[in-house]
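K.L.:
Return atomic coordinates for the entry below.
(one chain, ligands or ions: 1)
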Amino acid sequence: MLDDDACYSRLARRDPAADGEFFVAVKTTGIYCRPICPARLPLRQNVSFFRTAAAAHANGYRPCLRCRPESAPDSPAWLGTLASVRRALNLIDNGFLVDRDVDALADTLGMTARHLRRLFMKHLGVGPMAVEQVRRLHLAKKLMHETALPITEIAFAAGYGSLRRFNEVFLKAFKRPPSSLRRKREVNSSAAPLAVSIALRPDSISFPTPDQLALEVGTSASALIRSVKGSAVTVELVNIAPKDIAAAISEIKQRLHGHRPGVAIRQPPLAAPAGGNAGNQADGTAG
Ligand SMILES: [Zn+2]
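P.N.:
Numbers count the residues shown, from 1 in each chain. Next comes the predicted model:
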């Protein structure tokens, strides 16, 4: 359980270490934020705190357009949670639930769907499908904000079966169409560089120089670090199909985190022996 008073005082001082640890939802606006949101501090009686964006979402709140909760670093609580929950989260992050259901996910993890749901409720406050819904929404929002990918490709990349479905869900969640997140002068184009930002916890990152990290993701795609600003890393994805974007981002996040909190990357991962690193199987790479 979160200690609301402690959360509020961390919110009041916009504690960078709180970023990703919890989200604050404001009852008067229906919006949820990262604790570092630059917006004016809401009154104590108007806020509630959630450990996950998915829980805030499940309670009817929508993500702030300013602090962009979809860009928050992964929660250390998630990293510290049960190994099976963590594995499930990784699989979901990789797009497992795009074309398979919770039963299949539970099966992969060697447990019943009922048990998996119970673990999720206990550790994250929401079930696996709620996590998946927020994952799709967040990824779509992120790609709308940060890239020039055409909306149809974004819908597909985020795991929506159709553009119509994507528009529906987006409109419901944000009370505005996806295109409203685009800056006017941006040209939608699949040809523009596909660069996304990945936020890491301030305590889990250390790079020698940005250009020392070049990752291979999937068979033909690669990722190049373009810039590092504080704990936000901008990564360009090269040669990647929309359906592989989710898995690539998830993979990059894992590598940047070095799989464990507090472990810094000091060597370019490509220098590691090929196919090494246990515990990071490229799941969900069908197709
Ligand atoms: Zn905010």
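K.L.:
tell me which parts of the protein are close to the ion?
P.N.:
Residues of the chain that fall close to the ion, judged by Cβ under 5 Å from the ion: 33, 37, 64, 66-67. Any C-beta I mention is one placed from the backbone N, CA and C, and that applies to glycine too.
K.L.:
Now list the buried members of these.
P.N.:
With neighbours counted by 16 or more other Cβ atoms under 10 Å, the residues of the chain next to the ion contain buried members at 33, 37, 64, 67.
K.L.:
State the pair within those residues that is farthest apart.
P.N.:
Within those, Cys37 and Cys64 form the most distant pair, 6.0 Å apart (Cβ to Cβ).
K.L.:
Please enumerate the shared neighbours of those two.
P.N.:
Here Cys37 and Cys64 share no contacting residue, scored by Cβ atoms under 8 Å, 6 or more residues apart in numbering.
K.L.:
Can you tell me how far Pro178 is from Val169?
P.N.:
To Val169, Pro178 is 10 Å away according to Cβ to Cβ, to the nearest Å.
K.L.:
how near is Lys243 to the ion?
P.N.:
Relative to the ion, Lys243 is positioned 30 Å away (Cβ to the ion, to the nearest Å).
K.L.:
That residue contacts Tyr160, doesn't it?
P.N.:
No. The criterion here is Cβ atoms under 8 Å, and Lys243 misses it with Tyr160 at 11.6 Å.
K.L.:
quick one: which of the two has more around it?
P.N.:
Tyr160 (22 against 15; other Cβ atoms under 10 Å).
K.L.:
wait, what's in contact with that one?
P.N.:
With contacts defined as Cβ under 8 Å, 6+ apart, Tyr160 is in contact with 136, 140, 166, 169.
K.L.:
and the gap between it and the ion?
P.N.:
Remark: distance between Tyr160 and the ion (Cβ to the ion) = 25 Å.
K.L.:
So that residue, which state does it fall into?
P.N.:
coil (DSSP: H, G, I helix; E, B strand; the rest coil).
K.L.:
Next, give phi and psi for it.
P.N.:
Main-chain torsions, Tyr160, degrees, to the nearest 10: phi -80, psi 140.
K.L.:
Look at it and report its pLDDT.
P.N.:
For Tyr160, the model assigns a pLDDT of 95.
K.L.:
neighbours of the nearest residue to Arg14 once chain neighbours are set aside, just the number please.
P.N.:
Residue nearest to Arg14 in three dimensions, not counting chain neighbours: Ile36, with 4.9 Å by Cβ to Cβ, 6 or more residues apart in numbering. By other Cβ under 10 Å, 17 other residues sit near Ile36.
K.L.:
need the contact list for Ile36.
P.N.:
14-16, 18-19, 67.
K.L.:
can you tell me which two in those residues are farthest apart?
P.N.:
The largest separation in the contacts of Ile36, counting by Cβ to Cβ, is between Asp15 and Cys67 at 13.5 Å.
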